[in-house]
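Participant: Model the following, please.
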Amino acid sequence: MMPCSRLASVEQPAGVLLRSPFTSLADVAQHLYPWLPVGLILKDRFDTMQYLPKVTVPITVLAGSADSLVPVAQSTTVANNAPNLFRIDVVDGVDHNDAIWFGSYLASQVDALAQDAVS
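Facilitator: As a prediction, this is how the structure comes out:
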């Protein structure tokens, strides 16, 4: 498996939409399990921040303010470091797997990014 930011840094898509992105898997694991030595346990880091500077296409970051898996602070850090940020939207009160992420809201965000990418 390859993190989205790494794939986008080598395959050059038209745009990238990151939904609840984390700075790295190790950072999420450390947040969720602070008593575990995640640095010693994790083989794959999925380090978004390592590859993000190499992504040259428009980036949309979506996050929920009530995300119980990926802290919203990590998603905003990703957005703040995106070299070509198109949009960031932190949806108030939304958790990681709420229905909003599977319906028309998400489709409208993909459409907006696509429209920007082709213009």
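Participant: quick one, longest helix in the chain?
Facilitator: Counting by DSSP state H, the longest helix found in the chain is helix 104-118.
Participant: Using the neighbour-count criterion, name the buried positions in that helix.
Facilitator: Counting neighbours by 16 or more other C-beta atoms under 10 Å, one finds that the buried residues in helix 104-118 are 109, 112-113. In short, each C-beta sits where N, CA and C put it, glycine included.
Participant: do stretch 89-106 as well
Facilitator: 91, 94-95, 101.
Participant: Only C-alpha atoms, please: export stretch 26-41 in CSV.
Facilitator: In CSV, the C-alpha atoms belonging to stretch 26-41 read as follows (Å, rounded to 0.1, in the frame of the first residue of the first chain):
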residue,chain,number,x,y,z
ALA,A,26,2.9,6.9,13.3
ASP,A,27,1.4,10.2,14.5
VAL,A,28,-2.1,8.8,14.4
ALA,A,29,-1.1,5.7,16.2
GLN,A,30,0.8,7.7,18.9
HIS,A,31,-2.4,9.8,19.4
LEU,A,32,-4.7,6.8,19.7
TYR,A,33,-2.3,4.6,21.7
PRO,A,34,0.1,6.9,23.6
TRP,A,35,1.4,4.1,25.8
LEU,A,36,2.6,2.0,22.9
PRO,A,37,6.1,2.4,21.4
VAL,A,38,4.7,2.9,17.9
GLY,A,39,8.0,4.0,16.6
LEU,A,40,9.3,0.5,17.2
ILE,A,41,6.2,-1.3,16.1
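Participant: quick one: it to chain centroid distance?
Facilitator: 19 Å (C-alpha atoms, centre = their mean, to the nearest Å).
Participant: can you list the residues that contact it?
Facilitator: With C-beta atoms under 8 Å, 6 or more residues apart in numbering as the test, stretch 26-41 has contacts from 22, 42, 45, 47, 69-71, 74.
Participant: Please apply the same query to stretch 60-71.
Facilitator: Residues contacting stretch 60-71 (C-beta under 8 Å, 6+ apart): 15-22, 28, 31-32, 72, 75-76, 78-79, 82, 85-96, 98, 100-101, 106, 109, 112-113.
Participant: what separates it from the chain centre, distance-wise?
Facilitator: So, by C-alpha atoms, centre = their mean, the centroid of stretch 60-71 is 9 Å from its chain's centroid.
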